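Colleague: Next one to model:
(one chain, ligands or ions: 3)
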Amino acid sequence: MSNLLNLGIPKGSLENATVDLFKKAGWQISISSRSYFPGVDDDELNCKLIRPQEMGKYVERGTIDAGIAGRDWVRENDSDVVEVCEMVYSKVSRRPARWVLVVTKDSPVQKPEDLHGATISTELVGFTKRYFAERNIPVNVEFSWGATEAKVVDGLCDAIVEVTETGSTIKANGLRIVCDLMESVPVLIANKAAWADPWKRQKIESIATLLKASLAAEGMVGLKMNAPNDKVEAITQILPSLNHPTVAHLYKSDWVSIESILHEKEVRRIVPELIRLGAQGIIEYSLNKVL
Ligand SMILES: Nc1ncnc2c1ncn2[C@@H]1O[C@H](COP(=O)(O)OP(=O)(O)OP(=O)(O)O)[C@@H](O)[C@H]1O
Ligand SMILES: O=P(O)(O)OC[C@H]1O[C@H](OP(=O)(O)OP(=O)(O)O)[C@H](O)[C@@H]1O
Ligand SMILES: [Mg+2]
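Modeller: Residues are numbered from 1 along each chain as shown. Ligands and ions are numbered 1, 2, ... in the order given. Okay, the predicted model is just below:
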């Protein structure tokens, strides 16, 4: 049973985005409703759904070998684990989640210092207490079980420290962000003993490499074209690339094939220029992974 890695998948906000990312990376994880043990098409993996708030604890103890959770919760729990890599994605976007200080629109609070003696509600109690203590602002920090935005609307507290991504919950509740306190992205964490085990470490590193490669490929495309030899200099000068564009000779011809990887957004600007410079037979293709 040594060639088996116990892997924690974050239940909740990061769940679907994480399963989608694994799919792009080459692993099909199937979660059936009410089961906390997803299936996975890899005999070397055993997946468990775990709340991100508890991922660090179970990875630290070795209950699971590795897992993905928001860095916010790994830090909040001060988990003694190896942070293998970070990946920039959230529930619906490819941006970090933001922990923000929030008040009602009509609140007089303009900066954290204005909350002297106030009550702040949050799920992230340790971080919030530290943030205000470091600035010598005495506040009363209360733990919130969720639906935190409602508490500041109802006047149950003066401000909240809450996570936001699209901002729609803050907007829907007529609230205002005072300032950003912290950004958080998902991290792949590993148990220290598992990291010291050569097989487990290699498996964890393979997962990290492929997840990151899949994220890196998003929004990138390949562009390939033919051009006469005397146009190569001009074309390669305007062509963005990861390193340098590839230039290969066409068989029995004084034409070359030029290939490069670039951001999809740049294509609409670059292609007309390439045609003007003499490129022909231009093809664009999507990428699954960039390593
Ligand atoms: N849009 C988002 N909303 C909340 N958390 C997000 C979002 N995007 C990423 N995260 C990250 O997800 C983790 C929180 O996950 P969790 O499942 O607790 O979210 P939740 O939305 O509060 O869950 P629940 O629906 O059970 O209340 C944190 O690490 C947080 O940084
Ligand atoms: O900026 P947004 O894109 O709107 O996302 C952030 C919201 O999503 C989460 O709420 P959740 O659905 O978990 O409700 P909860 O407060 O009950 O946990 C989080 O706690 C915020 O309320
Ligand atoms: Mg929540």
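Colleague: name the helices or strands packed onto the one helix or strand Ala150 maps to?
Modeller: Secondary-structure assignment from DSSP states H and E places Ala150 in helix 148-153. Contacts defined by 3 or more C-beta pairs under 8 Å, 6 or more residues apart in numbering; DSSP states H and E place helix 148-153 against strand 97-104, strand 119-122, strand 159-164, strand 175-184. C-beta: built from backbone N, CA, C; applies to glycine.
Colleague: same thing but at 7 Å, please
Modeller: strand 97-104, strand 119-122, strand 159-164 (3 or more C-beta pairs under 7 Å, 6 or more residues apart in numbering; DSSP states H and E).
Colleague: Let's test this: mean pLDDT of the longest one, rounded?
Modeller: Mean pLDDT, computed over strand 97-104, is 98.
Colleague: Within range of ligand 2, give me the residues from the stretch 51-200 of the chain.
Modeller: Taking C-beta under 6 Å from any ligand atom as the criterion, the neighbours of ligand 2 within the stretch 51-200 of the chain are Gly146, Ala147, Thr148, Glu149, Glu162, Val163, Thr164, Glu165, Thr166, Gly167, Ser168, Thr169.
Colleague: Which positions within the helix holding Ala150 qualify as buried?
Modeller: Of all the residues in helix 148-153, those buried under the rule 16 or more other C-beta atoms under 10 Å are Thr148, Glu149, Lys151, Val152.
Colleague: Could you report the neighbour count for the closest residue to the second one other than its chain neighbours?
Modeller: Taking C-beta to C-beta, 6 or more residues apart in numbering as the measure, Glu149 lies nearest to Asn173, with 4.5 Å between them; neighbours along the chain are not counted. Residues contacting Asn173 under the criterion other C-beta atoms under 10 Å number 15.
Colleague: pretty sure Asn173 contacts Thr148?
Modeller: No: the criterion here is C-beta atoms under 7 Å, and Asn173 misses it with Thr148 at 10.0 Å.
Colleague: before we move on, the earlier item: need the pLDDT of the residue nearest to Glu149.
Modeller: Model confidence at Asn173, given as pLDDT, is 95.
Colleague: Look up which residues are beta-bridged to Pro10.
Modeller: Beta bridges link Pro10 to Ile50, judged by DSSP bridges.
Colleague: Can you show me the strands along the stretch 1-150 of the chain?
Modeller: With strands called from DSSP state E, counting those that start in this stretch, the stretch 1-150 of the chain shows them at 5-10, 29-30, 39-40, 45-50, 66-70, 82-86, 97-104, 119-122, 140-143.
Colleague: Quick check: which of the ones you listed is nearest to ligand 1?
Modeller: strand 66-70 (1.7 Å; C-beta to the nearest ligand atom).
Colleague: How about the contacts made by Gly70?
Modeller: Going by C-beta atoms under 7 Å, 6 or more residues apart in numbering, Gly70 touches Leu14, Pro52, Ala97, Ser184, Pro186.
Colleague: I meant Ala190, not that one.
Modeller: Per C-beta under 7 Å, 6+ apart, neighbours of Ala190: Val59, Asp65, Ala66, Val81, Val82, Val84, Ile204.
Colleague: Could you say which of the strands of the stretch 1-150 of the chain is packed most deeply?
Modeller: Ranked by mean neighbour count, the strands of the stretch 1-150 of the chain are led by strand 66-70 with a mean of 27 (mean count of other C-beta atoms under 10 Å).
Colleague: what's the angle between it and strand 159-164?
Modeller: Going by axes from the mean of the first three to the mean of the last three C-alpha atoms, to 10 degrees, strand 66-70 is angled at 130 degrees with respect to strand 159-164.
Colleague: Would you mind giving the secondary structure of the residue lying farthest from the centre of the chain?
Modeller: Residue farthest from the centre of the chain, counting by C-alpha atoms, centre = their mean, is Lys252 at 47.5 Å. Under DSSP: H, G, I helix; E, B strand; the rest coil, Lys252 falls in the coil class.
Colleague: related to what we said a few turns ago, between the contacts of Gly70, which has the most around it?
Modeller: The most crowded member of the contacts of Gly70, judged by other C-beta under 10 Å, is Pro186 (28 neighbours).
Colleague: on that earlier part again, out of the helices and strands packed on helix 148-153, which gets nearest to Met220?
Modeller: strand 97-104 (23.6 Å; C-beta to C-beta).
Colleague: that older thread, who wins on neighbours among the residues of the stretch 51-200 of the chain next to ligand 2?
Modeller: The residue in these with the most neighbours, by other C-beta under 10 Å, is Glu162 (25 neighbours).
Colleague: For that residue, give me its contacts.
Modeller: Glu162 touches Val100, Val102, Thr122, Thr148, Glu149, counting by C-beta under 7 Å, 6+ apart.
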